[in-house]
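Colleague: I would like to see how this sequence folds:
(2 chains)
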Amino acid sequence: DGGITQSPKYLFRKEGQNVTLSCEQNLNHDAMYWYRQDPGQGLRLIYYSQIVNDFQKGDIAEGYSVSREKKESFPLTVTSAQKNPTAFYLCASSTSSWTGGWQPQHFGDGTRLSIL
Amino acid sequence: SQQGEEDPQALSIQEGENATMNCSYKTSINNLQWYRQNSGRGLVHLILIRSNEREKHSGRLRVTLDTSKKSSSLLITASRAADTASYFCATDAGGTSYGKLTFGQGTILTVHP
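Modeller: From the prediction side, this is the model:
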């Protein structure tokens, strides 16, 4: 089955520690996205990548970093500079549409990050 | 930035009733999408309506779009307990946005058996 796999499901971060969230897709999608969701809130875009070896900052990129070395993978690192990392992190992917524009996004099941 | 505003924030109904959720946005769009999120899970795409469309149906879902008012509504007819979830609208500005979506705050729908 094609889809997006996020791991781990739960993650705990200590003070001063960097942690990396994994996102892998086998949908052959070009674009991948990282969102942050706080309780009772909508999604806010952290980073997105249109193609391998290229990515752009979203609305709340400070304290986060990404890489896109392979089409299938788009890991997100939450650095110690992110002072309020506790949230639900969602990864998504999409591909361009033959009619122009982009198809709706497919989402993984998220990683819940908490501070110890 | 959060472009979308949704109302109501929460909606509680009985099985069999209809549920209507509204979404407003601020800037011009290429399309508007609705997603569903079950508790603790990722989002699932429900329906997409393009800026040149006014109404779209998919099963028990009906979406309307009024670009002059920058608003959309999602109607779920004959609701079921399994429809209990959070519903989000998301706008795609098109152009060089590369499929980026701007999400609303969401409506929490509870359907009582």
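
Colleague: Would you check that residue B:33 makes contact with residue B:51?
Modeller: No - contact criterion CB atoms under 8 Å: residue B:33 and residue B:51 do not qualify, at 11.9 Å. C-beta: built from backbone N, CA, C; applies to glycine.

Colleague: Of these two, give the one with the bigger neighbour count.
Modeller: Between residue B:33 and residue B:51, counted using other CB atoms under 10 Å in any protein chain shown, residue B:33 has the larger neighbour count: 22 against 14.

Colleague: who touches the more buried one in this structure?
Modeller: A:104, B:45, B:46, B:47, B:48, B:49, B:89, B:90, B:91, B:92, B:101 (CB atoms under 8 Å, 6 or more residues apart in numbering or on different chains).

Colleague: Of those - the most surrounded one?
Modeller: residue B:89 (32 neighbours).

Colleague: What residues are bridge-paired with that residue?
Modeller: Assessed by DSSP bridges, residue B:89 has beta-bridge partners residue B:34.

Colleague: what about it, distance to residue A:11?
Modeller: 29 Å (CB to CB, to the nearest Å).

Colleague: what's the answer for residue A:30, then?
Modeller: Residue A:30 is 27 Å from residue A:11, by CB to CB.

Colleague: Also residue A:60?
Modeller: On the measure of CB to CB, residue A:60 and residue A:11 end up 18 Å apart.

Colleague: List the residue ranges of chain A that fall below the pLDDT cut-off.
Modeller: The model of chain A has pLDDT under 70 over residues A:1.

Colleague: in it, which spans are strands?
Modeller: Using DSSP state E, the strands of chain A run over residues A:4-7, A:10-13, A:19-25, A:31-37, A:43-51, A:54-57, A:64-66, A:76-78, A:87-94, A:106-107, A:111-115.

Colleague: ok, the fifth one: who's next to it in the sheet?
Modeller: On the basis of DSSP bridges, the sheet neighbours of strand A:43-51 come out as strand A:31-37 (antiparallel), strand A:54-57 (antiparallel).

Colleague: same question, the first one
Modeller: Its sheet considered, strand A:4-7 pairs with strand A:19-25 (antiparallel) by DSSP bridges.

Colleague: hmm, back to that, would you tell me which one of the strands paired with strand A:43-51 is buried the most?
Modeller: The highest mean neighbour count among the strands paired with strand A:43-51, using mean count of other CB atoms under 10 Å in any protein chain shown, belongs to strand A:31-37: a mean of 25.

Colleague: Can you name the residues of chain A that neighbour chain B?
Modeller: Contact residues, chain A versus chain B (CB under 8 Å from any CB of the partner chain): A:4, A:6, A:31, A:33, A:35, A:40-45, A:48, A:50, A:56, A:58-59, A:90, A:92, A:94, A:96, A:101-110, A:112.

Colleague: For PyMOL, what selects the buried ones among those?
Modeller: PyMOL command restricting the residues of chain A next to chain B to the buried ones, with burial defined by 16 or more other CB atoms under 10 Å in any protein chain shown:
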select buried, chain A and resi 4+6+31+33+35+42+43+44+45+48+50+58+90+92+94+101+102+103+104+105+106+107+108+109+110
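
Colleague: In contact with residue B:110, which residues?
Modeller: B:10, B:11, B:12, B:13, B:84.

Colleague: measure the closest residue to residue A:60 other than its chain neighbours to residue A:34 for me?
Modeller: Nearest-residue entry for residue A:60: residue A:44, 5.1 Å, with adjacent residues in sequence omitted and distances by CB to CB, 6 or more residues apart in numbering or on different chains. In this view, residue A:44 and residue A:34 are 10 Å apart by CB to CB.
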